[in-house]
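Engineer: sequence plus predicted model, see below.
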Amino acid sequence: MSDNLAHVNIEEKNLERTSPARKVYVETYGCQMNLADTEIVLGIMNKSGYAPTQAIDEADVVLLNTCSVREHAEDKIHQRLGTIRKQMSRRPDLVVGVLGCMAERLRSNLIERHQVDIVVGPDEYRKLPELLDGAISGERGIGVRLSRTETYDDITPFRSEGVSAWISVMRGCDKFCTFCIVPFTRGRERSRTLSGVVGEVERLVGEGFREVTLLGQNVNSYLDEGRDFADLLSAVAKVDRSLRVRFTTSHPQDLSDKLIDTIAQHDNLCKYIHLPVQSGSDRVLKAMNRTYSREHYLALVGRIRSRMPGVALSTDIIAGFPTETDEEHSETLSLMEEVKYDGAYMFKYSPREGTPAFKLGDDVPEDVKAARLNEIIALQQRVSNETNQSLVGTIAEVMVDGKSKRSELQMSGRTDTNKTVIFTAGSLRPGELVKVRIKRASSATLFGELAGASN
Ligand code: 5AD
Ligand code: SF4
């Protein structure tokens, strides 16, 4: 292993000496998995002599890592590709590529529509250097095969400096929710090795990272030789007791009592669970193929809260799934009222060609969908505001992210439950843990002042 590493270093040094590094610029859209994938892509490209740049004008290669989950996400990319193509007319040597879910879904259509040079889906990133070599000599390239085994377990992601790191632990999704394109663009579920993930966490701790988020479309179905996600979480928690450990996303069907106990047992496993419900109506949940009922979901929330009082929960909600009635929409509102989520990601249903729900049509009129979404958002804002007001006067343990964007004199950080806190303090280092007295709150943010350092 160490021999191998030495070998890589020598190769990289030689590369630096013999040729100036070509520069790659990546824009990332969509979910956190895509952010983690971009770091894997940069890891692969860096090894073959590319240096990342933050400035598109300096780049030899421009890559967009894309999202297909809703039409709006794809529209944005089409627009962006149009703009880049205009710029390309001044830079005929610039190589432009599309990565991620849209690459997988639209394949050669992207070449026809936008004349991009390469199109590479989520399981073919190892081919990037080869495809880019081809593109430099004028060959357009496509790599969109999905794999049952690719996890990039051995790739060292190229991370920008910071205190918080994403680590993808499993890829793909086998749930086939009827509205969702992800099982088609990211393929079947597969997990990285437990030793690979733990090794990566150890390295990150050595490099000074203070928080890791374990990622997967459905982390609860993680499995490596009989070791499940709860086993992975305890192993990661033990690496460093002061490292904050988060994870996302959990599917309600697979969130076991063993997992709840594990989160409760370890102080450094953050007490925050993203647990998408999508709808509060049993009939709609069935049509969505979510495989749980409202009752089952509420019972699960009850078990989580009784084992971990104070745990924060967030969710995803879809408004206007095909055939959803006003009454069924009200059931979603009543479920939200009952659970009192700390936060929610709320969307209008967007038909995705190729998914089972697409065949149902898109029969909830746009204005009805919009009105339902507005009601959902307003309810969530009220609930978040009430929850946050109840924290005024308490003292929260906050990990510092950095200076607040709004004011140089204030710092920004997050609680264990993932709430953003803006607070008055002298200059603190990112990653420091401090106690903050909460003085006021809005639906999105807590505001306070430094009450002392954490032990
Ligand atoms: N329309 C609207 N929202 C969707 N999501 C997934 N597919 C669709 C779609 N077709 C939402 C779900 C999921 C989140 C990541 O995106 O709520 O949990
Ligand atoms: Fe899509 Fe459902 Fe899989 Fe989430 S669990 S990625 S919503 S199919």
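Structural biologist: Nice, thanks for sending it over. Ligands and ions are numbered 1, 2, ... in the order given.
Engineer: near ligand 2, which residues of this protein?
Structural biologist: Taking CB under 6 Å from any ligand atom as the test, the list of the chain residues beside ligand 2 reads 173, 175-177, 180, 182-183, 217-218, 251. Bear in mind the C-beta positions are built from the backbone N, C-alpha and C, glycine included.
Engineer: which strands or helices does the longest helix that the chain contains pack on?
Structural biologist: Longest helix in the chain by number of residues, with DSSP state H as the criterion: helix 366-389. Contacting helix 366-389 under the criterion 3 or more CB pairs under 8 Å, 6 or more residues apart in numbering; DSSP states H and E are the following elements: strand 312-319, helix 326-339, strand 343-348, strand 433-441.
Engineer: now those in TSV, with mean neighbour count, mean pLDDT and distance to Val61?
Structural biologist: Formatted as TSV, the entries for the helices and strands packed on helix 366-389 read as follows, by neighbours: other CB atoms under 10 Å; pLDDT from 0 to 100; distance: least, CB to CB, whole Å:
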stretch	mean neighbour count	mean pLDDT	distance to Val61
strand 312-319	21	98	34
helix 326-339	17	98	44
strand 343-348	18	98	32
strand 433-441	18	97	40
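Engineer: can you convert these into JSON lines and add a column each for distance to ligand 1?
Structural biologist: As requested, those are arranged in JSON lines below (distance: least, CB to the nearest ligand atom, whole Å):
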{"stretch": "strand 312-319", "distance to ligand 1": "3"}
{"stretch": "helix 326-339", "distance to ligand 1": "12"}
{"stretch": "strand 343-348", "distance to ligand 1": "4"}
{"stretch": "strand 433-441", "distance to ligand 1": "26"}
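Engineer: those into a markdown table, with extra columns for distance to Gly82?
Structural biologist: Listed next are the helices and strands packed on helix 366-389 as a markdown table, based on distance: least, CB to CB, whole Å:
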| stretch | distance to Gly82 |
| --- | --- |
| strand 312-319 | 29 |
| helix 326-339 | 36 |
| strand 343-348 | 24 |
| strand 433-441 | 42 |
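Engineer: which residue, other than its chain neighbours, is closest to Thr66?
Structural biologist: Of all residues not flanking Thr66 in the chain, Met102 sits nearest, at 3.8 Å (CB to CB, 6 or more residues apart in numbering).
Engineer: break this structure into its domains for me.
Structural biologist: 5-143, 162-270, 278-390, 395-453 (automatic domain parsing).
Engineer: off-centre distance for the first one?
Structural biologist: Meaning domain 5-143. Distance of domain 5-143 from the chain centroid (CA atoms, centre = their mean, to the nearest Å) equals 19 Å.
Engineer: still on that earlier bit, the helices and strands packed on helix 366-389: which one's closest to Val26?
Structural biologist: Using CB to CB as the measure, strand 343-348 is the one of the helices and strands packed on helix 366-389 that comes nearest Val26, at 23.7 Å.
Engineer: how close does Val245 get to ligand 2?
Structural biologist: 21 Å (CB to the nearest ligand atom, to the nearest Å).
Engineer: buried stuff in the longest helix of the chain?
Structural biologist: The neighbour-count criterion (16 or more other CB atoms under 10 Å) identifies 369, 372-373, 375-376, 379-380, 383-384, 387-388 as the buried residues of helix 366-389.
Engineer: stretch 301-315 too?
Structural biologist: For stretch 301-315, the buried set under the neighbour-count rule, 16+ other CB under 10 Å, comprises 301, 304, 308, 311-315.
Engineer: could you do stretch 146-159 as well?
Structural biologist: Residues of stretch 146-159 classed as buried by neighbour count (16+ other CB under 10 Å): 146-147, 150-153, 155-159.
Engineer: pick the one among these closest to ligand 1.
Structural biologist: For ligand 1, the closest of the buried residues of stretch 146-159 turns out to be Leu146, at 18.4 Å, with distances computed as CB to the nearest ligand atom.
Engineer: for the closest one, which non-adjacent residue is closest in space?
Structural biologist: Ranked by CB to CB, 6+ apart and with sequence neighbours excluded, the top spatial neighbour of Leu146 is Gly187, at 3.5 Å.
Engineer: checking the one you found next. Helix, strand or coil?
Structural biologist: In the three-state summary, Gly187 is assigned as coil, counting by DSSP: H, G, I helix; E, B strand; the rest coil.
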